[in-house]
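> Provided below for reference: sequence and predicted model.
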Amino acid sequence: MASSLESGLAEEEKIMGYYTNLSGKMLIEPPLTWEKIKDSKYITSDAWPLGIKVKSESIETETGTFDKKSGVEVTIPEDSLKEAYTIDEDLQELVCAFPGHRFVGVIEGSGEEDADMWRLYVRHGKVIRTAVQVSWPEAPPYEDTEEGK
């Protein structure tokens, strides 16, 4: 039978989850037109885990000022310490929602464990995850000396 401490930790783990710190930048080339993104779930203020940064540009025309909006990059929330269990699938969904565009850059993640570091790239419309590879150098040779004994 589990102790009350173990039960409490299990409940806390279920509530809190595993947190990942996200960073990086991913540009969208060519930028997405307003027509493509205006009704998108990716431009709302609560878009999580990924959103699209909208750039607004005023253009002077003969008939007045025209406000041109376009989606220029994939965004990560300012407070990027979040649960990111499905970040790969979320990015793939975003990429697939806008075919014909390149997503250039990297999103980096680092989890609570020391070796949990990874990067997401997009190549040919597919999200690719690469994990950090930690390796130890060879041990220095052992020298049999009076000092080493």
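Nice, I can see it.
> which residue ranges of this structure form helices?
Applying DSSP state H to the chain gives helices spanning 4-16, 34-37, 87-97.
> what's the residue most central in space within the chain in contact with, if anything?
Nearest to the mean C-alpha position of the chain, by C-alpha atoms, centre = their mean, lies Ile107 at 4.1 Å. If you count contacts by C-beta atoms under 8 Å, 6 or more residues apart in numbering, Ile107 has them with Leu22, Ser23, Gly24, Met26, Val74, Ile76, Ile87, Leu91, Arg119, Leu120. No exception for glycine: its C-beta is placed from N, CA and C like everyone else's.
> would a markdown table of those with neighbour count and distance to Val127 be doable?
A markdown table is the format used below for those (neighbours: other C-beta atoms under 10 Å; distance: C-beta to C-beta, whole Å):
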| residue | neighbour count | distance to Val127 |
| --- | --- | --- |
| Leu22 | 20 | 14 |
| Ser23 | 11 | 17 |
| Gly24 | 15 | 13 |
| Met26 | 21 | 10 |
| Val74 | 24 | 11 |
| Ile76 | 23 | 15 |
| Ile87 | 21 | 9 |
| Leu91 | 21 | 5 |
| Arg119 | 14 | 11 |
| Leu120 | 23 | 6 |
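> pLDDT check: weakest of those?
Lowest pLDDT of the contacts of Ile107: Ile76, 86.
> I figured that residue hits Leu22, correct?
Yes: look at Ile76 against Leu22 with C-beta atoms under 8 Å: they come within range, at 4.8 Å.
> hmm, back to that, can you tell me which of the contacts of Ile107 is closest to Ile43?
Distances from Ile43 to the contacts of Ile107, taken as C-beta to C-beta, are shortest for Val74 (11.6 Å).
> residues in contact with the closest one?
Counting by C-beta under 8 Å, 6+ apart, Val74 has contacts 25-28, 50-53, 91, 94, 103, 105, 107.
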